[in-house]
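Enquirer: pasting a predicted model and its sequence here:
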Amino acid sequence: LRMVGLVEWSEVMITSLCWVPRGVLQAVPIEGKATQEEMDAVAAEMEMQRQDEMDELPQAPQMDEKKSGSSALMKELNLDNYDNEGDAVEVFVGGSNLTVFKDNNDDPYITMEHADEDSDEEEARIRNTDLVLLAGHTEEEYSSVEMHVFDKERSALYVHHDLALKSFPLAVAYLQTGDGKEKDPESNFLAVGTFEPAIEIWNLDVVNAVGPAAVLGGREAPAPFKARKGGKKRSAKKKNKRGLKDMLLGKLKKGSHKLGVLALDWNLHNRACIASGSADKTVKLWDVPKTMCSNTFHHHMGKVQVVSWNPEEAPILLTGGYDKTCACIDVRDAKSVRQYAVDGEVQSLSWNPANPAIFAASMDTGNIMFYDVRKTGNQTKPIFTIGAHDGDVTSVCFNAKYDHLLASASIDKTVKLWDLKTKPKCIEKKDLDIGRVFAAEFNRQDPDILAAGGDSGKVAIWDITSSHLVASQLNISSTDSKSNKK
C-alpha cells in the first residue's frame, strides 16, 4: 500500500490532503446527535474493550468487610441514594457549612456573564473568507481527518475539529450533493478511503458525529457463531468458500472493493458520482445517493494508486497504478482504455486546467512524465520527462492561475515549483520543515496558496508569492510576508 513500504513506518504522519471550496460550509457546524443504534454499538464496543482490559489485570485478593471496616463506611456514605439528593449539597468545610449548586445559574452569588461561551462560539465560526483544508492524520493508534482552517489575512492556521476513524486514512476527497434549491439543498461531504474495503462518507457540516453519514461497500455485520450439533460434517469446500475472514469480519457487500481504498476523486460535473481505486487492482464508480457501485473496471494489473476526473470532460477518468501504467478511459465505454507506459509505480496524477488534454504523472523513480491524451495508439510516448527529486515524487499538482506552473513534493523532504513555459526548470525549492512530504496541493480558488503534509504530522501552508524568485519568474509582486509557512 502507499504508505507502507514506501518509507519506513512513522508513528505520526499526514497521509492525504484535499481543499474544501471557500464559503460552502456552514458558519457554525451542527452538533452531531447519535442514534440509539450508534449508541448501542459504541456501548458494546466499550464493554468489550473493558472486558479485555479486566482480563489482563491481576486478580486482587478478597478482603473481609468486617476486618477492613469498609461496610460501616459504605453505609455512612449512602451511595445507593446518591442520585436522589437535591440540587444543592451541603458540605462541611473548616467549621462552617458550604452550599454547592449543580448549576452555577442556581447560585445567587454568581452574577458574571458567561463571556467565554460567546468567545468559543466565535472561534468555532467558519468565515466565508477562510480556506478550509482536510488532512488525513494518524498518530500512534489514533487515526482521524483533521479540518484545518487558514485565515490568510492573519496568516493563522488552526485545527477546527477532527473526525475519528477506525482505520488508517489513505485517501480523502471532498464532494457536494444537491442542486442548491429548496427541495434539494447543497450538502458538504468528505469521502475517506482506508485500509478497509469500505469508503466512509462524512457530513462536513456536523461536528462530534459518532460515525459516517453513509458507507460505500465494506462488510456486512458478522453473523453470530453457531456450533454444529451432530449431523453430517460440512465439507471443506463449503468452509473455504465462506472463508475465515468472512466468518470473523462479515461478508463483503455487493459491489465492494476487496482490499483497502487508495484513491478517491469526485466528479465535478456529476455530483452523484465518485471514483475509487484500490489495492484489489480495480477502479470503481459509485452512485453516492444510492450508496451503490455503478461500474467496475479491471484495466490495471497492479494496485490502483490514483484516480482523477478530467476538469472539462465529465466522462473522462485518468488512473495510475503499481503496474507502471497510467490509463485514460471514457467510463461510458470500458473498451476505450488508452494506456501510457511510465518508468515506475505511479504516485500522483494531475490534469493541466489550462489544457485538459495534458496530464503529469509522478513516480517512485523521482521522475515526472507528461502526456497528451489526444495522441493515438495503445502505448504513447511522453511529451517530456523531468528528473524532479532524489526520492519518490508523492504529489504533483498544476496551478489553476499560472498555467505553466507545477508543484511537486517528495520524500526527500522538499517541495519544488517548476516553470513549464518553455524548457522546464525549477524556480524554487523549499523544505517546509514537515519531514518527508506525502501530500501537496494548490488551492484552486486562491492558487497562490499551497498546502503540504508529511511524516512530522504537521500541515504547512506556503504562500508562493512570498518568494522573490517565484514572484520575479511569474512577473508578479512579492507579498514580502514575514513568514510564508505555518
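Expert: That came through fine. Because the structure is a prediction, the values reported are computed rather than measured.

Enquirer: so the nearest residue to residue 447 once chain neighbours are set aside, which of the three states?
Expert: Of all residues not flanking residue 447 in the chain, residue 401 sits nearest, at 3.6 Å (Cβ to Cβ, 6 or more residues apart in numbering). Every C-beta, even on glycine, is put in place using the N, C-alpha and C of the backbone. Of the three states, residue 401 takes coil under DSSP: H, G, I helix; E, B strand; the rest coil.

Enquirer: what residue ranges in the stretch 151-300 of the chain score low on pLDDT?
Expert: 179-184, 225-242 (pLDDT under 70).

Enquirer: for it, just list every one of the strands.
Expert: 156-165, 169-177, 187-194, 199-203, 206-207, 214-216, 261-266, 273-278, 283-287, 292-297 (DSSP state E, counting those that start in this stretch).

Enquirer: residue 392 is nearest to which of those?
Expert: Closest approach to residue 392 among the strands of the stretch 151-300 of the chain (Cβ to Cβ): strand 261-266, 14.5 Å.

Enquirer: sheet-wise, list the partners of the closest one with their directions.
Expert: If you go by DSSP bridges, strand 261-266 pairs up with strand 273-278 (antiparallel).

Enquirer: quick one: low-confidence parts of the stretch 1-150 of the chain?
Expert: Ranges of the stretch 1-150 of the chain meeting pLDDT under 70: 1-10, 34-104, 107-123.

Enquirer: and the gap between residue 354 and residue 400?
Expert: Distance of residue 354 to residue 400, given as Cβ to Cβ, to the nearest Å: 8 Å.

Enquirer: try residue 422
Expert: Residue 422 is 21 Å from residue 400, by Cβ to Cβ.

Enquirer: and if you look at residue 249?
Expert: 42 Å.

Enquirer: next one: residue 32
Expert: Residue 32 is 33 Å from residue 400, by Cβ to Cβ.

Enquirer: those two: who's more crowded?
Expert: Between residue 32 and residue 400, counting by other Cβ atoms under 10 Å, residue 400 is the more crowded of the two (17 against 14).

Enquirer: surely that one meets residue 447?
Expert: Yes: using Cβ atoms under 8 Å, residue 400 makes contact with residue 447 at a distance of 4.7 Å.

Enquirer: so what sits against both of those two?
Expert: Overlap of the contact sets of residue 400 and residue 447 (by Cβ atoms under 8 Å, 6 or more residues apart in numbering) is empty.

Enquirer: what are the boundaries of the helices in the stretch 201-350 of the chain?
Expert: 236-242, 244-249 (DSSP state H, counting those that start in this stretch).

Enquirer: what about the strands in the stretch 301-450 of the chain?
Expert: Using DSSP E, counting those that start in this stretch, strands in the stretch 301-450 of the chain cover 304-309, 316-321, 325-330, 338-341, 346-351, 358-363, 367-372, 384-387, 393-398, 405-410, 415-419, 425-430, 437-442, 449-454.

Enquirer: in JSON lines: those strands, plus mean pLDDT and distance to residue 27.
Expert: Output for the strands of the stretch 301-450 of the chain, formatted as JSON lines (pLDDT from 0 to 100; distance: least, Cβ to Cβ, whole Å):
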{"stretch": "strand 304-309", "mean pLDDT": "98", "distance to residue 27": "29"}
{"stretch": "strand 316-321", "mean pLDDT": "98", "distance to residue 27": "35"}
{"stretch": "strand 325-330", "mean pLDDT": "96", "distance to residue 27": "40"}
{"stretch": "strand 338-341", "mean pLDDT": "94", "distance to residue 27": "44"}
{"stretch": "strand 346-351", "mean pLDDT": "98", "distance to residue 27": "32"}
{"stretch": "strand 358-363", "mean pLDDT": "97", "distance to residue 27": "37"}
{"stretch": "strand 367-372", "mean pLDDT": "97", "distance to residue 27": "40"}
{"stretch": "strand 384-387", "mean pLDDT": "96", "distance to residue 27": "43"}
{"stretch": "strand 393-398", "mean pLDDT": "98", "distance to residue 27": "29"}
{"stretch": "strand 405-410", "mean pLDDT": "98", "distance to residue 27": "31"}
{"stretch": "strand 415-419", "mean pLDDT": "97", "distance to residue 27": "32"}
{"stretch": "strand 425-430", "mean pLDDT": "96", "distance to residue 27": "34"}
{"stretch": "strand 437-442", "mean pLDDT": "98", "distance to residue 27": "24"}
{"stretch": "strand 449-454", "mean pLDDT": "98", "distance to residue 27": "21"}
